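# structure for this input, please:
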Amino acid sequence: MMEKLIITAAICGAEVTKENNPAVPYTVEEIAREAESAYKAGASIIHLHVREDDGTPTQDKERFRKCIEAIREKCPDVIIQPSTGGAVGMTDLERLQPTELHPEMATLDCGTCNFGGDEIFVNTENTIKNFGKILIERGVKPEIEVFDKGMVDYAIRFQKQGFIQKPMHFDFVLGVQMTASARDLVFISESIPEGSTWTVAGVGRHQFQMAALAIVMGGHVRVGFEDNVYIDKGVLAKSNGELVERVVRLAKELGREIATPDEARQILSLKK
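Just a heads-up that it's a prediction; the model follows:
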């Protein structure tokens, strides 16, 4: 029996703008609206970046606090997973601000990668160790963000050194640095330690193909405006909820049940 499917909604990211899709949320109210649409559709985790009202990405702790409170009001039991990615050029402690609020989960990027043009998203070995140590101290479970196979190997190494605790949970972001193909998803998902869980985020046009593969392979799925703003080729999604609904339909067709937030906590060994 496959465990139930955990759907994560990455509702706004740090890069997409209202120019890409007018429904991309910036304000606290808009972020709460998009979180609620995803939650009502079946998402049990909200992967959260926050913005200033003009859309500028920020890691400000107080901005995160406001957004988390607004989401909690509408979706009391949802798992909120702040991003510690921040924006290019931020210090470790700046990026880690939302973990001071003791969320259940937060992201941990396990390597440096190219982000288009001259942009590099930097995560040195010392950064990864520092983040891992601080997440353990704050009682926050990391979602290990992986952009290629080498990042899985880093995570395994740092887990053995005590910077990451078992059971590990991975998010494979495919279509940025590593290609989003069935071959690569099988390869990377078979590279993680036994007892680990995984989610896949297919970027852009790969979103639903990767979702379908994860559903049949026993993995979990991430969708949302951070990764893709279209519901169909050339058709903008009206909300994050619409993207989640499509995954729910796929799962139903393929015979996989959807996890509630509390079932997701059980699967991920989270302490509420």
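# got a list of what D92 touches?
Neighbouring residues of D92 by CB atoms under 8 Å, 6 or more residues apart in numbering: 127, 130-131. Bear in mind the C-beta positions are built from the backbone N, C-alpha and C, glycine included.
# which of these has the largest number of neighbours?
In terms of neighbours by other CB atoms under 10 Å, those top out with F131 at 25 neighbours.
# what sits against that residue?
So F131 contacts 84, 92, 95-96, 108-109, 142 (CB under 8 Å, 6+ apart).
# so what pLDDT did it get?
F131 carries a pLDDT value of 97.
# coming back round to it: in strands, which of the contacts of F131 appear?
108-109, 142 (DSSP state E).
# now stretch 40-57: buried residues?
For stretch 40-57, the neighbour count (16 or more other CB atoms under 10 Å) marks 41-51, 55, 57 as buried.
# mind putting the residues you listed into CSV with pLDDT and secondary structure?
What follows is those, written out as CSV (pLDDT from 0 to 100; DSSP: H, G, I helix; E, B strand; the rest coil):
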residue, pLDDT, secondary structure
A41, 98, helix
G42, 98, coil
A43, 98, coil
S44, 98, coil
I45, 98, strand
I46, 98, strand
H47, 98, strand
L48, 98, strand
H49, 97, coil
V50, 97, strand
R51, 96, strand
G55, 97, coil
P57, 94, strand
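# and the residues you listed, which is closest to H102?
L48 (14.2 Å; CB to CB).
# surely that closest one and F64 touch.
Yes. With contact defined as CB atoms under 8 Å, L48 counts as touching F64 (7.4 Å).
# give me the common contacts of those two.
82, 98.
# tell me if I'm right that A237 and V229 touch.
Yes. Using CB under 8 Å, A237 is in contact with V229, at 6.1 Å.
# mutual contacts of the two, please.
N21.
# check contacts around A32.
67, 70-71, 73-74.
# so for stretch 87-106, mean pLDDT?
The average pLDDT within stretch 87-106 is 93.
# same question but for stretch 182-189, I mixed them up
If you average the pLDDT over stretch 182-189, you get 98.
# distance from the chain centre to that stretch, please.
Computed by CA atoms, centre = their mean, to the nearest Å, the chain-centroid distance of stretch 182-189 equals 18 Å.
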